[in-house]
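[1] Generate a structure from the sequence data that follows.
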Amino acid sequence: MLTVDYDRLDLRPGMTVLDLGCGEGRHAFEAYRRGAEVVAVDRGVSEVETTKRWLDALAQARETPAGAAYEVVRADLLALPFPDASVDRVIAAEVLEHIPDDAAALTEITRVLKPGGRAVVTVPRYGPERVCWALSDAYHANEGGHIRIYRGDVLRARLAAAGLVPGGQHHAHALHAPFWWLKCAVGVERNPVAVRAYHRLLVWDLTERPWPTRVAERLLDPVIGKSLVVYASKPAAAVPVSGSELERTAV
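    Numbers count the residues shown, from 1 in each chain. You can find the predicted model right below:
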């Protein structure tokens, strides 16, 4: 299940891509398939192990273009082990809502991006997330859970404060919002018939991509899409101006 639109991110073969808070690697897999040099990063031991196992499987199956590469790193998003201006693209999908110091995380994203590089940040959308919080404390009030709900303008302001230029945005996963409302209403740890049935629908949609659910989600994403996706860029480095050019400008 991809949240990011790779065409809007302008991800091209040969680019270096960081997938921060990679989880079990869903966005890293797609970047690798598209020929990128992917570095998947997470703090969780099991997440790192799972991501590496699946990326290894893709490599062994030779399902990626020549030149594609991958690495999986266990690291803290607040202190990324990468040099300044060293990567072309950064993906941070559904991770900022878990980090107390999100400003520091965004500063790190800006630091490692090359001038002219692009980042994409996704977070739970304000409206659907508010409903989940209202229905269930267990949904978010746990170790490693969601600690804040972002409004779109606030997220864009924080990206700008970190030195990025926010660009286009969209919403995704409208069919998932009612699923989580249902889980929160009945209890997130419970699994009654209705929850199981809805989950089967989501799995069917993910594996088969039938046109009725695809059309429904496209229509509903602007209204109840569960994720907010914002694309941003790092300003290109200023071009030095020589003394003679300054003189001509003054004249």
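[2] Which of the helices and strands in this protein ranks last by mean pLDDT?
    Ranking every helix and strand in the chain by mean pLDDT, DSSP states H and E puts helix 243-250 at the bottom, with a mean of 33.
[3] most centrally placed residue in the chain?
    Computing the C-alpha centroid of the chain and ranking residues by Cα atoms, centre = their mean puts Ala93 first, at 1.9 Å.
[4] Dig out what the residue lying closest to that one once chain neighbours are set aside forms beta bridges with.
    Spatially, and ignoring its direct neighbours in sequence, Ala93 is nearest to Thr122 (4.5 Å; Cβ to Cβ, 6 or more residues apart in numbering). Glycine gets a C-beta too; all of them are placed from N, C-alpha and C. Judged by DSSP bridges, the bridge partners of Thr122 are Ala93, Val229.
[5] how about stretch 156-176 as PDB, C-alpha atoms only?
    The C-alpha coordinates for stretch 156-176 follow below in PDB (Å, rounded to 0.1, in the frame of the first residue of the first chain):
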ATOM      1  CA  ARG A 156       3.500  23.200   5.800                       C
ATOM      2  CA  ALA A 157       4.700  25.900   8.200                       C
ATOM      3  CA  ARG A 158       7.000  23.400   9.900                       C
ATOM      4  CA  LEU A 159       8.400  22.300   6.600                       C
ATOM      5  CA  ALA A 160       9.100  25.900   5.700                       C
ATOM      6  CA  ALA A 161      10.700  26.600   9.100                       C
ATOM      7  CA  ALA A 162      13.100  23.700   8.500                       C
ATOM      8  CA  GLY A 163      14.300  25.300   5.300                       C
ATOM      9  CA  LEU A 164      12.100  23.400   2.800                       C
ATOM     10  CA  VAL A 165       9.700  24.900   0.200                       C
ATOM     11  CA  PRO A 166       6.300  23.100   0.500                       C
ATOM     12  CA  GLY A 167       4.800  22.300  -2.900                       C
ATOM     13  CA  GLY A 168       1.800  20.200  -4.000                       C
ATOM     14  CA  GLN A 169      -0.200  18.000  -1.700                       C
ATOM     15  CA  HIS A 170      -3.000  15.400  -1.800                       C
ATOM     16  CA  HIS A 171      -4.800  12.900   0.300                       C
ATOM     17  CA  ALA A 172      -4.700   9.100   0.300                       C
ATOM     18  CA  HIS A 173      -6.400   6.000   1.600                       C
ATOM     19  CA  ALA A 174     -10.000   7.100   2.000                       C
ATOM     20  CA  LEU A 175     -11.200   3.500   2.300                       C
ATOM     21  CA  HIS A 176      -9.000   3.100   5.400                       C
END
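[6] and Glu97, how many neighbours?
    18 (other Cβ atoms under 10 Å).
[7] who's in contact with it?
    With contacts defined as Cβ atoms under 8 Å, 6 or more residues apart in numbering, Glu97 is in contact with 123-124, 146-150.
[8] and if we set it to 6 Å?
    123, 146, 148 (Cβ atoms under 6 Å, 6 or more residues apart in numbering).
[9] neighbours of the spatially closest residue to it that is not a sequence neighbour, just the number please.
    Leaving aside its sequence neighbours, Glu97 sits nearest to His146 (Cβ to Cβ, 6+ apart; 4.6 Å). Using other Cβ under 10 Å, His146 is surrounded by 19 other residues.
[10] And for Arg196?
    A count of neighbours around Arg196, defined by other Cβ under 10 Å, yields 10.
[11] Find me the pLDDT at it, would you?
    Per-residue confidence (pLDDT) for Arg196: 95.
[12] can you tell me the average pLDDT over stretch 172-187?
    Stretch 172-187 comes out at a mean pLDDT of 96.
[13] which outside residues touch it?
    Stretch 172-187 has contacts (Cβ under 6 Å, 6+ apart) with 3, 128, 131-132, 135-136, 139, 192, 195, 198, 217, 220-221, 224-227, 229.
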